[in-house]
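Visitor: I would like to see how this sequence folds:
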Amino acid sequence: MPSLPAVLEDTVEERVISEEYKIWKKNTPFLYDLVMTHALEWPSLTVQWLPDVSRPEGKDYALHWLILGTHTSDEQNHLVVARVQIPNNDQFGALKSDSEKGEFGGFGSVTGKIEMEIKINHEGEVNRARFMPQNPCIIATKTPSADVLVFDYTKHPSKPDPSGECNPDLRLRGHQKEGYGLSWNSNLSGHLLSASDDHTVCLWDVNAGPKEGKIVDAKAIFTGHSAVVEDVAWHLLHESLFGSVADDQKLMIWDTRSNTTSKPSHSVDAHTAEVNCLSFNPYSEFILATGSADKTVALWDLRNLKLKLHSFESHKDEIFQVYWSPQNETILASSGSVRCLNIWDLSKIGEEQSAEDAEDGPPELLVPFCSGFSLLTCCVAGRCFVTVLLKLQLFINLFTSLVSSPLL
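Guide: Numbering: from 1, shown residues only. This next block holds a predicted model:
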């Protein structure tokens with residue numbers, strides 16, 4: 001039977017996605033405490049909650065902030081800081097369903113506002129943006145060029161220069177190609193790692209300041225991988241350790257105290273396809289997870305990397321992000337390319353299941369979210385959310401789960 005033309009295939013897929021989204025939206029009152037939807041002018045490839053929270057006196061909401069970035073069609077791109085109104089805890093009992101919008105989450109005087117508060121001109125689309133833990137006003141971005149840019153958003157006007165000129169506070173040099181992986185050291189202020197398509201990982205100390213103009217050269221360049229480096233992450237409990245994963249299917253663990261930058265402390269054949277992401281457990285100094293194009297999430301123990309602790313198998317397509325819960329050391333989230341987010345509970349690995357339960361997935365699969373969009377996960381100020389990037393319809397959805405234990 002002849003295959004469908006590419007244009008027709010895309011149309012069919014868009015219809016399927018739209019239907020899945022409608023079904024999910026219809027069921028949101030039964031699934032979540034709150035759903036907020038905001039249409040973006042352009043898709044965003046990146047999202048991160050800022051840690052700052054403001055609680056206006058006499059108001060029934062708190063103000064939170066998000067980092068976003070645009071991906072335009074040949075128009076000016078921007079690094080964006082968005083302000084989000086989230087209801088106070090006591091407002092959740094009065095949530096209402098909006099049948100006109102098909103949304104759930106009317107409360108008091110809060111209308112679920114998401115406002116673009118600051119827009120800063122950016123060179124090309126924002127591949128990724130991450131704030132420095134020690135000073136959240138400092139944001140590093142990955143660009144379509146080899147440079148990594150650093151902005152202090154308090155030094156830029158809220159409205160961008162009409163000329164379109166991009167004026168970063170620092171320009172970090174060392175890569176030859178673009179990339180996506182970006183990680184600030186939470187234990188050592190100013191130390192930033194970047195992963196690149198040029199097969200390398202670069203390290204900068206932005207506190208050292210530029211030697212010439214605004215340019216800062218890499219403090220070290222790590223060259224162990226033989227293919228595109230997809231992601232990099234600092235260890236959360238050790239200031240000198242970090243991990244990197246790449247299309248060479250390897251997980252590498254590095255120690256910045258080592259005398260060599262060409263050979264990692266440990267190198268593991270982690271998956272049977274490209275490794276796209278990694279995340280260190282914030283509670284255990286030995287545990288980390290990796291996600292791969294082989295559709296699995298792997299669990300590792302740094303004390304014995306020769307043996308994979310566990311393989312999480314429920315995703316239907318490659319995995320692009322893994323993220324540990326800041327509140328619970330056994331809870332892990334992973335998201336893939338088919339608009340699904342899985343939340344896993346390590347404490348349930350190996351539990352007995354009935355045949356009926358097994359049809360829904362392994363016992364460690366705590367919650368599967370399949371809702372017609374691509375997902376990224378974040379958390380802020382003790383109240384946890386899943387932040388959803390809907391790239392096709394250009395939406396951000398913010399929702400909290402009804403599950404009693406903290407998920408993310």
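
Visitor: all strands for the stretch 101-250 of the chain, in order.
Guide: In the stretch 101-250 of the chain, the strands defined using DSSP state E, counting those that start in this stretch lie at 103-106, 114-122, 128-132, 135-142, 148-152, 170-173, 182-184, 191-195, 201-205, 215-217, 220-222, 229-234, 241-246, 250-255.

Visitor: could you tell me the least trusted of those strands?
Guide: Mean pLDDT across the strands of the stretch 101-250 of the chain is lowest at strand 103-106; the value there is a mean of 48.

Visitor: and the host helix or strand of residue 333, which strands flank it?
Guide: Under the criterion of DSSP states H and E, residue 333 resides in strand 331-336. Applying DSSP bridges to the sheet, strand 331-336 is found paired with strand 319-324 (antiparallel), strand 340-345 (antiparallel).

Visitor: avg pLDDT for the first one?
Guide: What it means is strand 319-324. Mean predicted lDDT for strand 319-324 stands at 93.

Visitor: cool, stretch 52-64 as well?
Guide: 91.

Visitor: so what's the nearest residue to residue 142 once chain neighbours are set aside up against?
Guide: Among residues not flanking residue 142 along the chain, residue 127 sits closest, at 3.9 Å (CB to CB, 6 or more residues apart in numbering). Using the backbone N, CA and C atoms, a C-beta is placed for each residue, glycine as well. Applying CB atoms under 8 Å, 6 or more residues apart in numbering, we find residue 127 in contact with 45-46, 69, 141-144, 178-180.

Visitor: now list the buried members of those residues.
Guide: 45-46, 69, 141-143, 178-180 (16 or more other CB atoms under 10 Å).

Visitor: returning to that earlier point: mind putting the strands paired with strand 331-336 into CSV with mean neighbour count and distance to residue 113?
Guide: Shown next, in CSV, are those (neighbours: other CB atoms under 10 Å; distance: least, CB to CB, whole Å):
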stretch, mean neighbour count, distance to residue 113
strand 319-324, 23, 26
strand 340-345, 23, 25
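
Visitor: and the longest helix for the chain?
Guide: helix 6-31 (DSSP state H).

Visitor: so what does that one touch, helix or strand wise?
Guide: Where contact means 3 or more CB pairs under 8 Å, 6 or more residues apart in numbering; DSSP states H and E, helix 6-31 is packed against strand 103-106, strand 395-401.

Visitor: whichever helix or strand comes after that helix packs against which elements?
Guide: Next along the chain after helix 6-31, taking DSSP H and E as the criterion, comes strand 32-39. Where contact means 3+ CB pairs under 8 Å, 6+ apart, strand 32-39 is packed against strand 77-87, strand 103-106, strand 395-401.

Visitor: at 7 Å instead, please
Guide: Using 3 or more CB pairs under 7 Å, 6 or more residues apart in numbering; DSSP states H and E, the elements in contact with strand 32-39 are strand 103-106, strand 395-401.

Visitor: now residue 220. Nearest residue, chain neighbours left out?
Guide: The shortest distance from residue 220 to any non-neighbouring residue, by CB to CB, 6+ apart, is to residue 203 (4.5 Å).

Visitor: tell me the contacts of that neighbour?
Guide: Contact partners of residue 203, counting by CB atoms under 7 Å, 6 or more residues apart in numbering, are 191, 193, 218-220, 256.

Visitor: ok, residue 301 next?
Guide: Counting by CB under 7 Å, 6+ apart, residue 301 has contacts 286-287, 309.

Visitor: buried ones among these?
Guide: If you count burial by 16+ other CB under 10 Å, the buried members of the contacts of residue 301 come out as 287, 309.

Visitor: tabulate the contacts of residue 301 (TSV), appending secondary structure, distance to residue 345 and pLDDT.
Guide: Listed next are the contacts of residue 301 as TSV, based on DSSP: H, G, I helix; E, B strand; the rest coil; distance: CB to CB, whole Å; pLDDT from 0 to 100:
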residue	secondary structure	distance to residue 345	pLDDT
286	coil	19	98
287	strand	14	98
309	coil	15	97
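
Visitor: nearest to residue 240, of the contacts of residue 301?
Guide: Of all the contacts of residue 301, residue 286 has the smallest distance to residue 240: 15.6 Å, by CB to CB.

Visitor: state the number of residues packed around the closest residue to that closest one other than its chain neighbours.
Guide: In space, and not counting its chain neighbours, residue 286 is closest to residue 302: 4.6 Å by CB to CB, 6+ apart. Residue 302: 18 surrounding residues under other CB atoms under 10 Å.

Visitor: residue 302 contacts residue 280, doesn't it?
Guide: No - using CB atoms under 7 Å, residue 302 makes no contact with residue 280, being 9.1 Å away.

Visitor: hmm, back to that, which one of the strands of the stretch 101-250 of the chain lies nearest to residue 325?
Guide: Going by CB to CB, the one of those nearest residue 325 is strand 229-234, 15.7 Å.

Visitor: which outside residues touch the closest one?
Guide: Under CB under 7 Å, 6+ apart, the answer for strand 229-234 is 179-181, 183, 185-186, 193-196, 199-201, 242-247, 274-280.

Visitor: out of these, which are buried?
Guide: So, by 16+ other CB under 10 Å, the buried ones in these are 179-181, 183, 185-186, 193-196, 199-201, 242-247, 274-280.

Visitor: the buried ones among the contacts of residue 127: which two are farthest apart?
Guide: So, the buried ones among the contacts of residue 127 by CB to CB: farthest apart are 69 and 179, at 14.6 Å.

Visitor: thinking again about what came up before, TSV for the strands of the stretch 101-250 of the chain, including distance to residue 356?
Guide: Converted to TSV, these look like this (distance: least, CB to CB, whole Å):
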stretch	distance to residue 356
strand 103-106	29
strand 114-122	40
strand 128-132	41
strand 135-142	45
strand 148-152	50
strand 170-173	54
strand 182-184	42
strand 191-195	43
strand 201-205	46
strand 215-217	58
strand 220-222	49
strand 229-234	37
strand 241-246	36
strand 250-255	36
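
Visitor: tell me which of the ones you listed sits nearest to residue 18.
Guide: With CB to CB as the criterion, residue 18 lies closest to strand 103-106 of the strands of the stretch 101-250 of the chain, at 16.3 Å.
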